[in-house]
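Q: 3D, please:
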Amino acid sequence: SITTQAGMRNWYQTWIRFENTLWLHDTVSGQNISDETRGNIVLFGAGYTRDQRKNLMNAGIGYTGVVEGEIAGPWISWSDAFYRLTIDIRGYSSFFKSKIICASALFAGYVKQYGTGKNVPPQELFRVGEGGVRALRGYDDESIIKQPGIAGGGKIALILNPVEATFPIYRMLKGALFLD
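A: Got it, this is the predicted structure:
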């Protein structure tokens, strides 16, 4: 991975990832996953981040945005072939001399196989919860998927975090109210 900073608020990143998925097995049955749904992944990615927040600990008024694109398997016959596009935008407003910070966020993504690719590998699909796009606060991750123990996911993701407000409790200790 290579990250380049262009000014105080802009970052560009490129990365290459190789993943050998031949060792994967189904967590429920303990059997190896069939050859039709597994393969190697050679992935190339690029992203741009713009951060206009006041600072990381006290966002104040501002926004941050991340746009990323990834392509797996171009010109490589032994790699799964898919592409993924994502955008993550977050906005912040402050009230009462920056004591209360209100935030909202939007994540959108799309992943699709191309060419001779059979499927998008299950671990590359969008998921909500731990290890996924966003944690769904107030719910156990197992309660939001169809079959416990199996990593479900989808090809399209749209997650809107309508409102979050943080407020001071005592010195550095802060509280939060949110609606997901």
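Q: any regions of this protein where pLDDT drops low?
A: 21-39, 56-59, 117, 128-153 (pLDDT under 70).
Q: and the strands in it, which stretches?
A: Applying DSSP state E to the chain gives strands spanning 2-5, 10-20, 40-51, 62-72, 82-95, 100-113, 156-170, 173-179.
Q: relative orientation of the longest one and strand 82-95 in degrees?
A: Note on geometry: by axes from the mean of the first three to the mean of the last three C-alpha atoms, to 10 degrees, strand 156-170 and strand 82-95 are set 30 degrees apart in direction.
Q: got it, and the third one?
A: For the pair strand 40-51 and strand 82-95, the angle between their directions (the same axes, to 10 degrees) equals 20 degrees.
Q: I'd like to know which elements strand 40-51 is packed against.
A: Judged by 3 or more C-beta pairs under 8 Å, 6 or more residues apart in numbering; DSSP states H and E, the packing partners of strand 40-51 are strand 10-20, strand 62-72. Bear in mind the C-beta positions are built from the backbone N, C-alpha and C, glycine included.
Q: and the last one with strand 40-51, angle?
A: Counting by the same axes, to 10 degrees, strand 62-72 points 160 degrees away from the direction of strand 40-51.
Q: which helices and strands does strand 62-72 pack with?
A: Under the contact rule (3+ C-beta pairs under 8 Å, 6+ apart), strand 62-72 is packed against strand 40-51, strand 82-95.
Q: what's next to that strand, contact-wise?
A: Strand 62-72 is contacted from outside by 41-54, 79-92, 124, using C-beta atoms under 8 Å, 6 or more residues apart in numbering.
Q: repeat the analysis, applying 6 Å as the threshold.
A: Identification of contacts with strand 62-72 by C-beta atoms under 6 Å, 6 or more residues apart in numbering yields 41, 43-54, 79-80, 82-92.
Q: any of those residues buried? List them.
A: Among the contacts of strand 62-72, those buried by neighbour count (16 or more other C-beta atoms under 10 Å) are 41, 43-45, 47, 49, 51, 53, 79-80, 82-84, 86, 88, 90-92.
Q: quick revisit: out of the helices and strands packed on strand 62-72, flag the one nearest residue 171.
A: strand 82-95 (18.1 Å; C-beta to C-beta).
Q: partners of the closest one in the sheet?
A: Strand pairing for strand 82-95, determined by DSSP bridges: strand 62-72 (antiparallel), strand 100-113 (antiparallel).
Q: how about it as PDB, C-alpha atoms only?
A: Provided in PDB are the C-alpha atoms of strand 82-95 (Å, rounded to 0.1, in the frame of the first residue of the first chain):
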ATOM      1  CA  PHE A  82     -14.800  -8.400 -10.000                       C
ATOM      2  CA  TYR A  83     -14.800  -4.700  -9.300                       C
ATOM      3  CA  ARG A  84     -16.000  -2.600  -6.300                       C
ATOM      4  CA  LEU A  85     -16.800   1.100  -6.000                       C
ATOM      5  CA  THR A  86     -17.400   2.700  -2.600                       C
ATOM      6  CA  ILE A  87     -18.100   6.200  -1.300                       C
ATOM      7  CA  ASP A  88     -18.200   7.200   2.400                       C
ATOM      8  CA  ILE A  89     -19.300  10.800   3.300                       C
ATOM      9  CA  ARG A  90     -19.700  12.200   6.800                       C
ATOM     10  CA  GLY A  91     -20.800  15.600   7.900                       C
ATOM     11  CA  TYR A  92     -20.400  17.400  11.200                       C
ATOM     12  CA  SER A  93     -22.000  20.500  12.800                       C
ATOM     13  CA  SER A  94     -21.300  22.000  16.200                       C
ATOM     14  CA  PHE A  95     -23.600  23.800  18.600                       C
END
